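In: the following comprises the amino acid sequence and a computationally predicted model.
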Amino acid sequence: MTPHSRSPVKTIVFGVYFFALLMMAIFPPFYLSVSGSTALVLGIPLPMFYWILIAVLLGLGVWALYLVESTRGEIPEQAQP
């Protein structure tokens, strides 16, 4: 496949996923809804767990995107020097 024949479905799906994570990270009402909580999740205060969750979901999204692009042959092989 050529680099310019990207799938619009893949772009939309991952774009929406990463945009949702961006909104979770920078849109104040989402964070403010958990920031004052003293609840514990897996022994971690809820506000800290919120940020850890965003980081884990971001990592999983990048990994899934890599797998999709690798499967479709969209990642170029490195040239030998």
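Out: Arrived safely. Numbers count the residues shown, from 1 in each chain.
In: tell me which strands and helices the helix or strand where Phe19 lies is in contact with?
Out: For Phe19, the element it lies in under DSSP states H and E is helix 8-26. Counting contacts by 3 or more CB pairs under 8 Å, 6 or more residues apart in numbering; DSSP states H and E, helix 8-26 packs against helix 28-35, helix 46-71. From N, CA and C alone the C-beta is placed, and that goes for glycine too.
In: what residues are up against the residue most central in space within the chain?
Out: Ranked by distance to the mean C-alpha position of the chain (CA atoms, centre = their mean), the top residue is Leu58 at 2.7 Å. When contacts are counted by CB atoms under 8 Å, 6 or more residues apart in numbering, Leu58 touches 18, 21.
In: one more pass at 7 Å, please.
Out: By CB atoms under 7 Å, 6 or more residues apart in numbering, Leu58 lies in contact with Leu21.
In: can you pull the poorly scored residue ranges out of this protein?
Out: The model of the chain has pLDDT under 70 over residues 1-6, 79-81.
In: circling back: distance to Tyr17 for the helices and strands packed on helix 8-26 - can I get that in JSON lines?
Out: Formatted as JSON lines, those follow (distance: least, CB to CB, whole Å):
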{"stretch": "helix 28-35", "distance to Tyr17": "16"}
{"stretch": "helix 46-71", "distance to Tyr17": "5"}
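In: between those helices, which gets nearest to Phe19?
Out: helix 46-71 (10.8 Å; CB to CB).
In: having no further points to raise, I will conclude here.
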